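In: Okay, here's the prediction I keep looking at, along with the sequence it came from:
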Amino acid sequence: MSVVPMKRISVIAMKKDRKAVLEYLQVLGVVEVSFKRKEDEVFRKQDMSAQQRMFEQRAAQAEEALQILKNNAPEKTSIAAALTGRVEMSRQEFDEKLARREEILKECSSVIELDKHLAETVSSIPKLKDQKKALEPWMNFDLPLDLKETRKTAIFTGTLQGEYDRESLYTALKKYAGEAAFDADIISADATQTCIFLVCGKKDAAALKEALRRLSFAAPPVTGMNPKDSAAKIDRELEKADSELTTIHDKFQELAKFRDDLKFMSDYFTVRADKYGVISDLLQSRRVFFLEGYIPEPDAGSVQQRLEAKFDVAVTFSEPGKKEKPPILLKNNGFAAPLEGVTESYSMPDKGEIDPTFVSACFYYILFGMMLSDAAYGIILAVATGIILAKFGKKMEDGMKKTMKMFFFCGLSTTFWGFMFGSFFGDAVSVIATTFFNRPDIALKPLWFEPINEPMRMLSFCFLVALIHMFVGVGVKGYQQLKAGQVLDFIYDCVFWWVFIIALIVWLLSVPSMAGMLQLKTLPQAVVKPAQILALISAIGIILTGGRESKNWFKRILKGLYALYGISSWLSDVLSYSRLLALGLATGVIATVFNSMGSMGGRTPAGVIMFIVVFLIGNVLNLAINALGAYVHTNRLTYVEFFGKFYNGGGKKFVPFAANTKYYKFKEDMES
Amino acid sequence: MSFGLFFALAGAALAAATSGLGSAKGVGMAGQAAAGATTDNPDLFSKVLILQLLPGTQGIYGLLIAFICLSQIGIMGGAANPDMPLATGLLYFAACLPVIIVEPISAVHQGKTAVASISMVSKKQETFGKSMIFPAMVETYAILALLISILAIFGVSALA
């Protein structure tokens, strides 16, 4: 229920044990490395970043290979797998895999190689297809396309832009080539290009070359063979590429069996890289190394014992210095622990602040329940998360488990408020009874009252919850001040405000119109005077003390007046809790709407089917949207209205040096 | 038949219509940002989806008011009074005004804030808790408008 006290730990050990000691600490995962001491003549740091980078690279390689396998041979995953988190690995399995390290590295590179091969093959196909297309106009030609000459003749084979027939070709060539003698054949022609074959005597070659150039002559796709043969060759290559793709696909399926190895490799090298990161930080002399950090106090004793039992080490503890800000670790009971994430999302408590998790948990579940406020939805939420917890709870990662537990408690509270306000899938009970059983007398009676019929009553209740919530917030601040011995601050910041607000409320409620609007009984007029006097006294108190950090009295009073103006923020904070009413009504009304839409088919078989369909879709939608709304707005009320009264945060989370793996948990077994 | 029922119905219809328009725009903007963030990092999907949905509530509040209004004037449930006095109809219309006016504007602004929050989460995943609060602040005013409309509609139907 609080912030776990931290101690500074320093470990001095023999350098020969360095690897073992660090690995052991990593497995224990309870020390956050943090150095205060600087280098000196004897103790120096050793730069291990090169090794660290190398291991990081290997881990990245394994991740790349895993991604490749995921793309080419996807793993079948179930919802259960998504819930269960990392797989535990025994020491024996670990050693077995570690022994096969070189082999696994080879597996990894073979996956990456195969992916490269796949990319090459895939990209070769369009290239081959292009080549084949370029050959198409030449299919009637039966000489190799790169034939340049015979003994006495020069040969030009290629394409001209535009369409020519034999006559126009001769005219065009003669225009530029003059008297040169030649023989030209048209192989094929279309609107964009004409493929020609031209033979001439070697003496005329230069003239014809120039003439052709002027007609934008271009060389043909080069092949040493005649076009038909080379097209056939391309076809064979395409077939080969196709079958290669199949082979690669099969190979990937086969390589998929190495997936576990690769996961191990990724985890293993990540852990090693982390370890080398720590080695770079260590202070080392010739034979000894020195490690400093933080450790949660409850773990200190056992860690010392274990280390001293295993190695030649000197473990000492000390209190963190006054100016130091030790990292923060929260510890709460099963009821509040699920909300540590909510606190952490806001900010970890600063040094000296209390952990607000427990006190916020008390309200969190209530607020969530009031906003979702439907018994059926609550039951669904609680049962679903309950089953998941019972089935996978042991294997689940901590974060996921906490979320599930949080929604479990939220579900229970929702059920409670649902019955209080008489909502079970909205008004499903009475709709079904009326439509299908002709019994309009049956309905789920609220244990307390129905907000939809008495919205003002519900609103008053929301305001009451608001006041209690915020008074407790102020109270927590007061508790901290009392604990720190600042009794006067407690009176100024808490007691004055409590009295001021309560007096104002009493005064307001003694005004008949005000009380009537909130559907409350008007308080007797006898209380008006005392309430006014108390309000006045506390207001003066706030004006005098609200700016007490200023020495200058003028400034101090101004600041005090501004502090009193803070009453407006109390007003807006209280009004903010009307979202409890609005969201609560939203759930009920939308469910009601779906129910009445569904029952429009009446008491016929088709009507029953229609009801079931509309009912299912409507309520699933409603539950999803309103559970999200309830979650977001419960957080908002906690962060803004509640934390705003007492909590600043600003602490740093405790991040121990541990095996931060993604796929396997090495922890338990390796302790032995 | 008098114009009373027309104005009452117009109030309900406009409440659903303007809020829906606003939410459609807000959710749409946030959705584009969310899609962008998810391309870079698919793991963000569930987080940015929540942020995307935040501006959607205004549409629901509009719907809520529309339904409450329809059921109070009897259009839903088939007990509508075709001769509703013009004054009553106008009162219903006035009761719907906070929602008609505030919801679309707050939905669009919440959408813009959600876009900013999505880019915040995509840069730093761990800020999710905080990023959710900024759009939720905008929603306060949508809720206050909803509250006044609800109370006013029930008040008007108590008069009639």
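Out: Cool, the structure landed. Model, not experiment: these values are computed from the prediction. Residues are numbered from 1 along each chain as shown, chains lettered A, B, ... in the order given.
In: Which of the helices or strands spans the residue of the stretch 251-400 of chain A found nearest chain B?
Out: Closest to chain B within the stretch 251-400 of chain A is A:S345: 2.1 Å, counting by Cβ to the nearest Cβ. C-beta coordinates here come from the backbone N, C-alpha and C atoms, glycine included. Per DSSP states H and E, A:S345 falls inside helix A:340-346.
In: Contacts for that helix next, please.
Out: Residues outside helix A:340-346 that contact it (Cβ atoms under 8 Å, 6 or more residues apart in numbering or on different chains) are A:330, A:332, A:349, A:355-357, A:360, A:364, A:399, A:402-403, A:406, A:635, A:638-639, A:643, A:647, A:649, A:653, B:126, B:128-130.
In: Please, a ChimeraX command that selects the buried ones among the residues you listed?
Out: This is the ChimeraX syntax for the buried subset of the contacts of helix A:340-346, where burial follows 16 or more other Cβ atoms under 10 Å in any protein chain shown:
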select /A:330,332,349,355,356,357,360,364,402,406,635,638,639,643,647 /B:128,129,130
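In: Could you list which of the contacts of helix A:340-346 belong to helices?
Out: Members of these lying in helices (criterion: DSSP state H): A:357, A:360, A:364, A:399, A:402-403, A:406, A:635, A:643, B:128-130.
In: and the two most separated of those residues?
Out: Farthest apart among the ones in helices among the contacts of helix A:340-346 by Cβ to Cβ are A:G399 and A:F643. That separation is 21.3 Å.
In: residues touching the residue positioned nearest the centre of chain B, list them.
Out: Central residue of chain B (Cα atoms, centre = their mean): B:Q58, 1.9 Å from the mean position. By Cβ under 8 Å, 6+ apart, the contact set of B:Q58 is B:19, B:22-23, B:26, B:103-104, B:106-107, B:110, B:139, B:142.
In: and if you look at A:D142?
Out: A:D142 neighbours (Cβ under 8 Å, 6+ apart): A:226-228.
In: Please tell me how far the residue nearest to the centre of chain B sits from chain A.
Out: Note on B:Q58: its distance to chain A, by Cβ to the nearest Cβ, to the nearest Å, is 11 Å.
In: Check B:A33 too.
Out: Note on B:A33: its distance to chain A, by Cβ to the nearest Cβ, is 17 Å.
In: longest helix of chain A?
Out: Longest helix of chain A, by residue count under DSSP H: helix A:101-135.
In: Spatially, and excluding backbone neighbours, which residue is closest to A:G547.
Out: Nearest non-adjacent residue to A:G547, counting by Cβ to Cβ, 6 or more residues apart in numbering or on different chains: A:K559, 2.4 Å away.
In: Do I have it right that that neighbour meets A:L544?
Out: No: with contact defined as Cβ atoms under 8 Å, A:K559 does not count as touching A:L544 (10.4 Å).
In: what sits against the closest residue to chain A within chain B?
Out: Nearest residue of chain B to chain A (Cβ to the nearest Cβ) works out as B:G129 at 2.1 Å. Listed by Cβ under 8 Å, 6+ apart, the contact set of B:G129 reads A:341-342, A:344-346, A:635, A:639.
In: Okay, the residue of the stretch 551-672 of chain A found nearest chain B and A:L583: tell me how far apart.
Out: Per Cβ to the nearest Cβ, A:R636 is where the stretch 551-672 of chain A lies closest to chain B, at 4.2 Å. Per Cβ to Cβ, to the nearest Å, A:R636 is found 11 Å from A:L583.
In: Looking only at neighbour counts, state which of the two leads.
Out: Legend: neighbour count by other Cβ atoms under 10 Å in any protein chain shown for A:R636 and A:L583, higher for A:L583 (28 against 22).
In: What parts of the stretch 501-650 of chain A come near chain B?
Out: Within reach of chain B by Cβ under 8 Å from any Cβ of the partner chain, the stretch 501-650 of chain A has these residues: A:575-576, A:578-579, A:581-583, A:585-586, A:589-590, A:592-593, A:596, A:625, A:628-629, A:632-633, A:635-636, A:639-640.
In: and if we set it to 7 Å?
Out: Residues of the stretch 501-650 of chain A lying close to chain B by Cβ under 7 Å from any Cβ of the partner chain are A:575-576, A:578-579, A:581-582, A:585-586, A:589-590, A:593, A:625, A:628-629, A:632-633, A:635-636, A:639-640.
In: per-residue confidence at residue 103?
Out: Reading this off chain A. Looking at A:E103, its pLDDT stands at 87.
In: wait, I meant chain B there
Out: For B:E103, the predicted pLDDT is 95.
In: Show the contacting residues for it.
Out: Residues in contact with B:E103 (Cβ atoms under 7 Å, 6 or more residues apart in numbering or on different chains) are B:18-19, B:22, B:58, B:61-62, B:142, B:145.
In: Helices of chain B, start to end?
Out: B:4-40, B:45-53, B:57-73, B:86-123, B:128-159.
In: Give me whichever of the ones you listed is most buried.
Out: Highest mean neighbour count among these (mean count of other Cβ atoms under 10 Å in any protein chain shown): helix B:57-73, with a mean of 26.
In: and that one, how far out from the chain's middle?
Out: How far helix B:57-73 lies from its chain's middle: 9 Å, per Cα atoms, centre = their mean, to the nearest Å.
In: in the stretch 401-550 of chain A, what residue is nearest chain B?
Out: Closest residue of the stretch 401-550 of chain A to chain B, Cβ to the nearest Cβ: A:P455 (5.8 Å).
In: Pretty sure that residue sits against B:S149.
Out: No: if you go by Cβ atoms under 7 Å, A:P455 and B:S149 don't touch, sitting 11.0 Å apart.
In: who's in contact with A:Y377?
Out: Taking Cβ under 7 Å, 6+ apart, we find A:Y377 in contact with A:414, A:623.
In: my bad, should have said A:M517
Out: Taking Cβ under 7 Å, 6+ apart as the criterion, A:M517 is in contact with A:M456.
In: Which pLDDT does the model give it?
Out: Listed pLDDT for A:M517 reads 76.
In: how many other residues sit next to A:P512?
Out: 12.
In: how far away is it from A:P524?
Out: As judged by Cβ to Cβ, A:P512 and A:P524 stand 11 Å apart.
In: Does A:F290 belong to a helix, a strand or coil?
Out: Per DSSP: H, G, I helix; E, B strand; the rest coil, the secondary structure class of A:F290 is strand.
In: do the same with the one 5 residues further on
Out: The three-state assignment at A:I295 reads strand, by three-state DSSP.
In: Surely it is in contact with A:V31?
Out: Yes: in this structure, A:I295 is within contact of A:V31 by Cβ under 7 Å, at 5.1 Å.
In: Between those two, which contacts overlap?
Out: In contact with both A:I295 and A:V31: A:I9, using Cβ under 7 Å, 6+ apart.
In: near chain A at all, stretch B:152-160?
Out: Yes: against chain A, stretch B:152-160 shows contacts by Cβ under 7 Å from any Cβ at B:F154.
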